[in-house]
Structure formats: structure tokens, C-alpha cells
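>>> Quick check, what structure comes out for this input:
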Amino acid sequence: MSLRHQFRARVKNRNYEYLEDYKIINDYRNFGEALDAILEEHKELDDKTWSLQYVSESVATQVNNTLTDELKRIRLGTNNTDRNTQILIEVLQGFIQMQNIEHIITTNDFKPTFLNEAESVVQDRIAHQKQRKHSKQ
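Predicted coordinates for the structure are as follows:
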């Protein structure tokens with residue numbers, strides 16, 4: 001049998017009533033047994049809370065690291081696309097300046113067949129890249 005310590009304690013009335021109810025409900029012989037059971041439950045709850053907190057923090061850290069890596073890849077791709085778009089705009093503006101063109105016809109006014117072909121090629125390329133990406137998974 002484990003060692004037991006005897007001590008006197010003063011508790012608030014509501015805590016005494018709770019301890020008394022707990023003793024009666026759980027059929028303990030004395031307040032010491034009831035108090036031991038309450039303290040054991042408290043320890044278990046404390047351990048479970050710590051364990052759950054540790055797991056949730058670990059999961060949150062892992063998710064954060066994964067999302068950070070993915071978002072970095074997306075950001076780099078977006079920056080590359082933006083850079084290429086700016087280069088194309090500069091080249092087109094230089095071409096228009098050299099040709100001394102004052103007005104342009106927009107695609108709303110006239111859409112040439114080569115533009116339809118270019119859009120089709122780009123759409124096919126995107127669809128092919130999606131297929132390759134999904135087949136890797």
C-alpha cells in the first residue's frame with residue numbers, strides 16, 4: 001500500500017460541498033479517497049491537454065511550413081510571369097514607336113485568325129501541363 005499523508009486543510013464552502021457530493025456519487029468511503037480521485041483526474045486531464053496542445057502546435061507548424069513553400073513557388077512563378085509580360089509590353093511599345101503608329105485596332109473591333117491560333121496553342125499547352133501535373137500525383 002502506498003504511503004499516505006494526513007493534513008488539515010481549509011476549503012471554501014462550495015469546494016467542500018463539491019467534494020462531499022463527489023464522495024457520495026462515486027461511493028468513496030472518505031474525503032481522502034475522493035480527493036485522491038479528483039487529483040488523479042486532474043493530472044490525466046492536464047497530461048491530455050498538454051499532449052493535445054503539443055500535437056496541434058506540431059500540425060500547425062507543419063502546415064505552415066508546407067504552405068510557405070507552396071506560396072513561395074507560386075509567388076516566384078507569378079513574378080516570372082509579370083517580368084515576361086513587362087518585357088513583352090516594352091518590346092511591343094518599341095515596335096509601335098518605330099513604326100510610328102498612332103492608332104490601333106483592338107480585338108473587339110477585329111480578331112485576326114493568328115490570334116485565335118495563338119490562344120488555342122496556349123490553351124493546349126496549359127491543358128497538357130495540367131495533365132502532367134495530375135499524372136505526377
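>>> Using the three-state scheme, assign the residue most central in space within the chain.
By C-alpha atoms, centre = their mean, the chain has its centre lying nearest to residue 63, at 5.2 Å. Secondary structure for residue 63, judged by DSSP: H, G, I helix; E, B strand; the rest coil, is helix.
>>> how far away is residue 107 from residue 128?
25 Å (C-beta to C-beta, to the nearest Å). In short, each C-beta sits where N, CA and C put it, glycine included.
>>> okay, the residue sitting furthest away from the middle of the chain: pLDDT?
Farthest-out residue of the chain from its mean C-alpha position, per C-alpha atoms, centre = their mean: residue 100, at 52.7 Å. As summarised for this prediction, residue 100 has a pLDDT of 89.
>>> what distance separates stretch 2-21 from the centre of its chain?
46 Å (C-alpha atoms, centre = their mean, to the nearest Å).
>>> From the opening residue of that stretch to its closing one, how far?
Start-to-end span of stretch 2-21 (C-alpha to C-alpha, to the nearest Å) is 25 Å.
>>> the domain parsing of the chain - what is it?
13-103, 105-137 (automatic domain parsing).
>>> contacts for the helix or strand of the chain with the lowest mean pLDDT?
Here the helix or strand of the chain ranked lowest by mean pLDDT, DSSP states H and E is helix 113-136, holding a mean of 86. Outside helix 113-136, the residues that touch it by C-beta atoms under 8 Å, 6 or more residues apart in numbering are residue 107.
>>> ok, now with 6 Å
Contact with helix 113-136 is made by no outside residue, as judged by C-beta atoms under 6 Å, 6 or more residues apart in numbering.
>>> related to what we said a few turns ago, phi first, then psi, for the residue farthest from the centre of the chain.
Per-residue torsions, residue 100: phi 60, psi 50 (degrees, to the nearest 10).
>>> swap in the one 10 residues further on?
The phi/psi pair for residue 110 (degrees, to the nearest 10) reads phi -150, psi 130.
>>> Mind telling me what element residue 104 is part of?
Using DSSP states H and E, residue 104 sits in no helix or strand.
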